[in-house]
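Participant: output the structure for:
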Amino acid sequence: MESDQLAALDAALNAEKRCPFVLDADALTLLAPLSRKLDARDVLTPHVGEFNRLFPGLLDNAPTRIDAALEAAQRASATVLLKGPDTVDCRARWARDRQHGWQRRFWRPPVRAMCWRG
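Facilitator: Okay, the predicted model is just below:
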């Protein structure tokens, strides 16, 4: 059954004309570990466990969750919304801004990262 689901997901992601996808839950599990580029309009919404399966070792080796999510977004060529107590939303085309802290919104172009505290 899982191979059928993966085949269907691959077909959808590889379609010549397609809409953007929001990928969560089982779709993330099927893609893990992520070894493909996605469409820049796609959004991955992993919690920490899914993130670790998609991007093994990235969260443990990154200085912050922002850095990990930015690197993941660049690897995937998509938006990554890393869920948790401090949710991080990063897009592949945005660069880092190390001079600001966790709760700051970065709107100074071209640097953009949003963080929410729950």
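
Participant: middle-most residue in this protein, spatially?
Facilitator: Most central in the chain under Cα atoms, centre = their mean is Val80, positioned 2.3 Å from the mean C-alpha point.

Participant: quick check: that one touching Ala69?
Facilitator: Yes. If you go by Cβ atoms under 8 Å, Val80 and Ala69 touch, sitting 4.9 Å apart. The C-beta positions use only the backbone N, C-alpha and C, and glycine is treated the same way.

Participant: related to what we said a few turns ago, beta partners for the residue nearest to the centre of the chain?
Facilitator: Beta-bridge pairing for Val80 (DSSP bridges): Leu44, Cys90.

Participant: what score does it have for pLDDT?
Facilitator: With respect to pLDDT, Val80 scores 88.

Participant: what's the answer for the one 5 residues further on, then?
Facilitator: Reading off the confidence values, Pro85 has pLDDT 71.
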